[in-house]
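In: got a predicted structure plus its sequence, pasted below:
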4 protein chains.
Amino acid sequence: MTSGGDSPGMNAAIRAVARASSYYRVECLGFMRGFQGMIENDYIELNARSVRNIINLGGTILKSARSKEFLTEEGRVKAAANLKKANIDAMILIGGDGTFRGGKVFSEEHNIPVIGVPGTIDNDIFGTHYTIGYDTALNTVIDAVDKIRDTASSHNRLFFVEVMGRDAGFIALNSGIGAGAEEILIPEEDLGLDRLLNSLERSRRSGKTSSIVIVSEGDKIGKNVFELAAYVKDNLPYYDAKVTVLGHIQRGGSPTCFDRVLASRLCVKAVELALDGQQDIMVGMMNNEIKSIELVNALKSKPTINKELLRISDILSV
Amino acid sequence: MTSGGDSPGMNAAIRAVARASSYYRVECLGFMRGFQGMIENDYIELNARSVRNIINLGGTILKSARSKEFLTEEGRVKAAANLKKANIDAMILIGGDGTFRGGKVFSEEHNIPVIGVPGTIDNDIFGTHYTIGYDTALNTVIDAVDKIRDTASSHNRLFFVEVMGRDAGFIALNSGIGAGAEEILIPEEDLGLDRLLNSLERSRRSGKTSSIVIVSEGDKIGKNVFELAAYVKDNLPYYDAKVTVLGHIQRGGSPTCFDRVLASRLCVKAVELALDGQQDIMVGMMNNEIKSIELVNALKSKPTINKELLRISDILSV
Amino acid sequence: MTSGGDSPGMNAAIRAVARASSYYRVECLGFMRGFQGMIENDYIELNARSVRNIINLGGTILKSARSKEFLTEEGRVKAAANLKKANIDAMILIGGDGTFRGGKVFSEEHNIPVIGVPGTIDNDIFGTHYTIGYDTALNTVIDAVDKIRDTASSHNRLFFVEVMGRDAGFIALNSGIGAGAEEILIPEEDLGLDRLLNSLERSRRSGKTSSIVIVSEGDKIGKNVFELAAYVKDNLPYYDAKVTVLGHIQRGGSPTCFDRVLASRLCVKAVELALDGQQDIMVGMMNNEIKSIELVNALKSKPTINKELLRISDILSV
Amino acid sequence: MTSGGDSPGMNAAIRAVARASSYYRVECLGFMRGFQGMIENDYIELNARSVRNIINLGGTILKSARSKEFLTEEGRVKAAANLKKANIDAMILIGGDGTFRGGKVFSEEHNIPVIGVPGTIDNDIFGTHYTIGYDTALNTVIDAVDKIRDTASSHNRLFFVEVMGRDAGFIALNSGIGAGAEEILIPEEDLGLDRLLNSLERSRRSGKTSSIVIVSEGDKIGKNVFELAAYVKDNLPYYDAKVTVLGHIQRGGSPTCFDRVLASRLCVKAVELALDGQQDIMVGMMNNEIKSIELVNALKSKPTINKELLRISDILSV
């Protein structure tokens, strides 16, 4: 099952669950549209052949949705009844922490083992260094900024690029370094508008003809990206300020090799742990190794951004 | 010289001018930042080797700018003096109609032959079926929409994607068909908000789970893309509406094969016509052949969108 | 039905046939694996919804195959019986000239109207300036050569890149110009090995540190690309010669905007002509307009390469 | 200095060295063509502005070469004299183990501190989990295989794709999993031809219509990829076997976000360690942290492939 906001590599994950199940000769069902499909008993059988040629596709063949009904006890009772009818022994949930939270409640109420697989572009899951889809989203952002850079080099221009990450600056920070952005605004840090103006002014004086500012949609600066651009232009009038809002482009696209291999490794492990009788855990990749962690621990905290990267960004935008 | 908003393929065009000049053993200078470089006498020598490995690069190595000084007679006098000092016999101007207009005035005042090469992503130049950069911009748009489509398939979602084209719907119309958009809003047609709502409502009833609307930035519907999205969401509440603003991404990127070959053919012809003593013309591709047209005629009118494509779009979004 | 070697844009073509059929309220069946599916009565129903989200996919959802059985009269009799049973009034065949030849024989024998749609990466069909898939294949080639160019710039290196086109040099010639190749070897011209050596020697003396040679797989120089590379290295020993064979990469990939719009326009027209009772014709794009031509005429000749492009290539590799 | 086979991300590395030097207010020179440029005293000054807009470019602006003269004592004496004349206090070498070996000898002979930065697509350097360029090369391979997959799905076809890695199967193994290849042949394992035939036969019987085999150029099976394809076709005659040789495509292309961030982090650290007076070390990323290791230790051994991935590959190609 895939649930929550979709992310590139979810199909590679589905394929790995189906193939590993086939390899270990257990049956595998794919429930459609996350928890909602469980409630509506909407599923497809997944075997080794039914997942062919999907490893490279963005999105998810099982579709994803947020289910309001699953938030109610009645909804979950219906879902449990359907799973029992289908003789489900364990659930593998691919999604973010909202998904895992739902899964944990469900597992406690109905005693169905749950294994979580972190799939979200936001990289904001504790217990894994990388979530499925994050690497692809980073590359989508830098491809976009590279194109802007082509046209940026000739003008006194500021480009503001809004990227995803309502509560976490992972995408902004890493793609900002990768894209060679002059400034990176993330929700974890409120640097203030004055510092931004000073920094852009300094860039201009150091000979830069244009600057690119990556803005996390969750930035705490208190202005949306258009207001921010207008504010800067008001204060630095020799600049022409342009805005790009990437939006859902970041959730799609063919997954990178990194995300495909990550999804494959995590999901083979998830199947093996399920067969081993483990439950209420999440698989993750820590230090290049596939590990598992109690779901309760994964949900207790949030990963923090690497402050070292902020320092790197400052040095490189000199 | 490249001037106006830059477009992918301008470097391929510069390379072709330099290589053809070298082939015909004439000297070639590249003035920086359009007309401004002429005023400031800022140029580089271009020979066959100095343009190597640029055919694939977005942007323009000569940079581009809009020059206010060139709008004044004094500015143009300065520019003409510099050109004469440098023994310039003819100018090849790569840009849009603003560039050609400036070139024509200059040519009349100072008697320096001008050959225009249409380079703009907007495809809005009379006398050529394609402008350099247009094909690349179309592909940039559909790549973005393809990614959105990946994530769109699972939700009751409307995606509004704003593309360039303040006065001309070429980009929106062709990329909209290429991307399989449900609706395409262009400045040439004001279909009204009611028709849009009806059409989206009809799409939903026909079983579509999500719809993509391409909005030309110059659309005359009287609302910006965010207001438009909010309006639709207010009236079609079962939809969730998301916005992407592509912005200057569309001006950058490595040019497509089509744009590189087009730029190469147009600019070899431009050099040959200049050597042949022709002046105040623009080269263009009509019906797969390279032709020339008097600049005065190219500036007199605007190409019109192919109404047939509107019909195709309606049929295909059934 | 899609038949012969597949090409990017075939899915966009299938979608357009299905959507146009739906728009005009006629039924549409998609036969699998070309003529073989007709013989085996293997088809799927295609409606407006069943072709959603395929416009951007390479390959063909109807699959493609070469059918030996269809070359026999018995095979065709079986196919005709199946079509009659399914109440087929007209066939739309997407493929190359082998496909059209088969369709024409079949139409004559069994009196079922046939409309051909040119879909092949080779661009070798008379009656259309562009075939579906050709533009995508060109871009695939230049992307590959761009990557090679990155690494080429630092060494005394020759890179030989073999591209498709057994009988026609369209891919090699256009992608060669687009990629900025120093030499382009095509089946239409046997320039001889001496001329190649001289030209490479001249390139080196003119200051080029590396050269890229595009070789059409059908080149008549009498050596395969590895033998060619070895021969050149034997004769120009200061060069290091490397080989890339692109192979079937060229047949795949997400279609470009050009190919998607072309496929859409051709196939809407094909459906409209079929409804109009026309038969044994092929639709094509000549001078940016969709036209039709008698199949018999399309099959009578072959398009020829644009000699002007050979001249352009010589000028630009100066 | 960049040396050896070039890899995507080398420009991002050069930029980071130059920017970090500028940040810490020390001078930075870039020697051209690796050790050869040191011998010929061919260098450029690198400051914060001279490395702008290169982070996204493949190749290396400093070019790369293999220097025979540097293998001689006289060559190294010349190089040392030039470095001393230019007041070089420390060298940062971006390349593979050949580069580091040369640097170590040089450092011992002439007492100039050396810091190595691992830049190679092969990922075969001990002391770092990732080398600069490896992630990009993996994505280049899977992009190619994805295109082949588009066309593969309809035929009884075997596709053999040769990838780089003369002594190490890292590229083949990871890209093979990422591309969903049926078989992966690497130099570390000689599985024998019989096993390959059996496996392909089993794939066919399990319902696969086509199979993709990734072959490392250094595979020990004793046949080149064309011979291998011919051998398999002889023994499994219902298959049609096609070959793609990716070659130097894998060394080029715009670096991925991962490679750019890696290059940035490694090189900022390299500059800081140089300023700290350290020498004869290599920086690397182990477990997501930037570490350093004695060059002598980095050169003593080779990293080994992750056997776990071979197991994953077997499970997923079921």
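Out: Received it, and whenever you're ready, just let me know what you need.
In: rest of the way, CA atoms for contacts and neighbours
Out: Noted.
In: low-confidence bits of the stretch 51-200 of chain A, can you list those?
Out: Scanning the stretch 51-200 of chain A for pLDDT under 70 picks out the ranges A:152-155.
In: smallest distance to chain D belongs to which residue of it?
Out: residue A:178 (5.0 Å; Cα to the nearest Cα).
In: so how far is the helix or strand encompassing that residue off the chain centroid?
Out: Assigned by DSSP states H and E, residue A:178 belongs to helix A:170-179. Computed by Cα atoms, centre = their mean, to the nearest Å, the separation of helix A:170-179 from the middle of its chain amounts to 14 Å.
In: rewinding a little: isn't the residue of the stretch 51-200 of chain A closest to chain D right next to residue D:254, touching?
Out: No. Contact criterion Cα atoms under 8 Å: residue A:178 and residue D:254 do not qualify, at 11.3 Å.
In: so which of these two has more stuff around it?
Out: Ranked by neighbour count (other Cα atoms under 10 Å in any protein chain shown), residue A:178 and residue D:254 place residue A:178 first, with 30 against 25.
In: packing partners of the stretch of helix or strand residue A:74 belongs to?
Out: Using DSSP H and E, residue A:74 sits within helix A:73-85. Secondary-structure packing of helix A:73-85 (3 or more Cα pairs under 8 Å, 6 or more residues apart in numbering or on different chains; DSSP states H and E): helix A:35-40, helix A:97-110.
In: of these, flag the one that's most buried.
Out: Across those, the average number of neighbours (mean count of other Cα atoms under 10 Å in any protein chain shown) peaks for helix A:35-40, which reaches a mean of 22.
In: which of the residues in the helix or strand following that one are buried?
Out: Using DSSP H and E, the helix or strand that follows helix A:35-40 in sequence is strand A:43-45. If you call a residue buried by 16 or more other Cα atoms under 10 Å in any protein chain shown, then strand A:43-45 has these buried ones: residue A:43.
In: how is the residue nearest to residue A:243 when sequence neighbours are not counted assigned, secondary-structure-wise?
Out: Excluding the flanking residues, the one nearest residue A:243 by Cα to Cα, 6 or more residues apart in numbering or on different chains is residue A:160, at 4.8 Å. With DSSP: H, G, I helix; E, B strand; the rest coil as the basis, residue A:160 sits in strand.
In: re the thing from before, in the helix holding residue A:74, which residues are buried?
Out: Using 16+ other Cα under 10 Å as the test for burial, helix A:73-85 gives A:75-80, A:82-83.
In: relative to helix A:97-110, how tilted is that helix?
Out: Interaxial angle of helix A:73-85 relative to helix A:97-110 (axes from the mean of the first three to the mean of the last three Cα atoms, to 10 degrees): 70 degrees.
In: hmm, who's touching helix A:73-85?
Out: A:35, A:38-41, A:69-70, A:106, A:110 (Cα atoms under 8 Å, 6 or more residues apart in numbering or on different chains).
In: change it to 7 Å
Out: A:38-39, A:41, A:69-70, A:106, A:110 (Cα atoms under 7 Å, 6 or more residues apart in numbering or on different chains).
In: using CSV, write out every CA atom in it.
Out: Taking Å, rounded to 0.1, in the frame of the first residue of the first chain, the C-alpha atoms of helix A:73-85 are listed here in CSV:
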residue,chain,number,x,y,z
GLU,A,73,-12.8,3.9,14.4
GLU,A,74,-15.6,2.6,12.2
GLY,A,75,-13.4,3.1,9.2
ARG,A,76,-10.6,1.1,10.7
VAL,A,77,-13.0,-1.7,11.7
LYS,A,78,-14.2,-2.0,8.1
ALA,A,79,-10.6,-2.0,6.9
ALA,A,80,-9.6,-4.7,9.5
ALA,A,81,-12.6,-6.9,8.4
ASN,A,82,-11.5,-6.7,4.8
LEU,A,83,-7.9,-7.6,5.6
LYS,A,84,-9.0,-10.6,7.7
LYS,A,85,-11.3,-11.8,4.9
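In: quick one: is the helix or strand that that helix is followed by near chain B?
Out: Sequence order places strand A:91-95 as the next helix or strand after helix A:73-85, per DSSP H and E. No. Using Cα under 7 Å from any Cα of the partner chain, strand A:91-95 stays clear of chain B, coming no nearer than 13.9 Å.
In: tell me the helices and strands packed up against strand A:91-95.
Out: Contacts defined by 3 or more Cα pairs under 7 Å, 6 or more residues apart in numbering or on different chains; DSSP states H and E place strand A:91-95 against strand A:114-118.
In: listing partners with orientation, what would you give for the strand it packs on?
Out: strand A:91-95 (parallel), strand A:281-286 (parallel) (DSSP bridges).
In: in the longest one, what counts as buried?
Out: Buried residues in strand A:281-286, defined by neighbour count with 16+ other Cα under 10 Å: A:281-285.
In: the spatially most central residue of chain A: helix or strand, and which one exactly?
Out: In chain A, the residue lying closest to the centroid (Cα atoms, centre = their mean) is residue A:121, at 1.5 Å. Under DSSP H and E, no helix or strand contains residue A:121.
In: leaving aside the residues next to it on the chain, what's closest to it?
Out: residue A:134 (4.1 Å).
In: the one you found: what's it in contact with?
Out: Residue A:134 neighbours (Cα under 7 Å, 6+ apart): A:120-123.
In: same question for residue A:166.
Out: A:216-218.
In: looking at those, which gets the smallest pLDDT?
Out: Least confident entry in those, by pLDDT: residue A:218, with 77.
In: would you mind listing what in the stretch 101-250 of chain A touches chain D?
Out: Checking the stretch 101-250 of chain A against chain D by Cα under 7 Å from any Cα, the hits are A:138-139, A:142, A:146, A:175, A:177-178, A:180.
In: 10 Å - rerun?
Out: Within reach of chain D by Cα under 10 Å from any Cα of the partner chain, the stretch 101-250 of chain A has these residues: A:129, A:135-143, A:145-146, A:149-150, A:152-153, A:174-180, A:206-208.
In: which residue, other than its chain neighbours, is closest to the residue of the stretch 1-150 of chain A found nearest chain C?
Out: Proximity to chain C, evaluated over the stretch 1-150 of chain A using Cα to the nearest Cα, is greatest for residue A:57 at 9.6 Å. Setting aside the residues directly before and after it, residue A:57 is nearest to residue A:254 in space (Cα to Cα, 6+ apart), at 5.1 Å.
In: residue ranges for the helices of chain A, please.
Out: For chain A, the helices defined by DSSP state H occupy A:10-23, A:35-40, A:73-85, A:97-110, A:134-152, A:170-179, A:193-205, A:225-235, A:257-275, A:295-300, A:307-316.
In: okay, now the unreliable bits of the stretch 201-318 of chain A?
Out: By pLDDT under 70, the low-scoring segments of the stretch 201-318 of chain A are A:219-220.
In: if you set the cut-off to 50 instead, what comes out?
Out: By pLDDT under 50, the stretch 201-318 of chain A has no low-scoring segment.
In: for chain B, what's its nearest residue on it.
Out: Of all residues in the stretch 201-318 of chain A, residue A:252 sits closest to chain B, at 4.2 Å by Cα to the nearest Cα.
In: same question, the stretch 1-150 of chain A
Out: residue A:147 (4.2 Å).
In: mind listing what that residue touches?
Out: B:8, B:58-59, B:140, B:248-254 (Cα atoms under 10 Å, 6 or more residues apart in numbering or on different chains).
In: what about the closest residue to residue A:44 other than its chain neighbours, how many neighbours?
Out: Of all residues not flanking residue A:44 in the chain, residue A:30 sits nearest, at 5.2 Å (Cα to Cα, 6+ apart). Neighbour count for residue A:30, taken as other Cα under 10 Å: 23.
In: hang on, residue A:30 packs against residue A:42?
Out: Yes. Judged on Cα atoms under 10 Å, residue A:30 makes contact with residue A:42 at a distance of 8.7 Å.
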